[in-house]
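> what's the 3D shape of this:
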Amino acid sequence: MKFEEIKFNIGALNGISARNVEEHLKLYAGYVKNTNLILEKIPEYEGYTKEDAFAPYVVSEIQRRFGFEFNGMRNHEYFFKSLEGGTKSLPENSAFKKEIEKDLPFDKWLDIFKSLAMTRGVGWAVLYWDKQTKQFVATWVDEHHMGQLNGLNWILGIDMWEHAFVYDYSTSEKKKYVDAFFENLNWEVIEESFKNAQ
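From the prediction side, this is the model:
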């Protein structure tokens, strides 16, 4: 099994510099590389478990690290995909918007989600769809392997680790980054994610 690095086609963004995107993509490439490296190393270290009493601990640590690297890879794929193709509004008769507005006006929901993105610390603000209960679930994910919600489909997420905005904004200005992200968002990708999650 091997995972391939996706080459994203992200044009010029308003409020997010080409340099920040370029550095961020390098970080994503590192997650792909490390995910594949771990998958290569696990069998290698498992072979030592009979001769080396310490080897099982090494294997378990590598396995633990796999969740961080894999989720880091996948989260960034969702993130960058939502910035491809330029800024696009939600389509007319958006199923996503209609579902959001069963609970509250779309603009109000967006303000609440942006507030979630301002959670102190590093992590991700993520909107999931729960097929079982047919509802959205918004949550904060601290580290890639801590806080992800099992069985739910990723609809929208914003990377709030400092590497996502450090070349453009100081940590005290991260709200500007949040606003810039949504200004550049391709909402058609979010709509498609919601349709696929049904």
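
> how about R120, secondary structure?
Three-state call for R120 (DSSP: H, G, I helix; E, B strand; the rest coil): coil.

> buried ones in the helix or strand of the chain with the lowest mean pLDDT?
Here the helix or strand of the chain ranked lowest by mean pLDDT, DSSP states H and E is helix 55-81, holding a mean of 89. By 16 or more other Cβ atoms under 10 Å, the buried positions in helix 55-81 come out as 58-59, 62, 65-81. For the C-beta atoms, the positions are set from N, CA and C on the backbone; glycine is no exception.

> stretch 6-18 too?
Quick answer for stretch 6-18 (16+ other Cβ under 10 Å): 6, 10, 13, 15-16.

> what are the contacting residues of that stretch?
The contact list for stretch 6-18 (Cβ atoms under 8 Å, 6 or more residues apart in numbering) reads 21, 25, 77, 80-81, 83-87, 165, 167-168, 176-177, 179-181, 183-184.

> ok, 10 Å please
20-25, 28-29, 32, 73, 76-77, 79-81, 83-87, 164-165, 167-169, 176-177, 179-184, 186 (Cβ atoms under 10 Å, 6 or more residues apart in numbering).

> could you tell me how many residues sit around K174?
Neighbours of K174 under the rule other Cβ atoms under 10 Å: 18.

> I158 contacts N184, correct?
No. With contact defined as Cβ atoms under 10 Å, I158 does not reach N184; the gap is 11.0 Å.

> what is in contact with the two at once?
Residues touching both I158 and N184 (Cβ under 10 Å, 6+ apart): S82.

> any weak-confidence spans in this protein?
Along the chain, segments meeting pLDDT under 70 span 45-55.

> per-domain residue ranges of this protein.
18-81, 95-197 (automatic domain parsing).

> what about the first one, start to end distance?
With Cα to Cα, to the nearest Å applied, domain 18-81 spans 16 Å between its terminal residues.

> on that earlier part again, which of the contacts of stretch 6-18 are buried?
So, by 16+ other Cβ under 10 Å, the buried ones in the contacts of stretch 6-18 are 20-21, 24-25, 28, 32, 73, 76-77, 79-81, 83, 164-165, 168-169, 177, 180-182, 184, 186.
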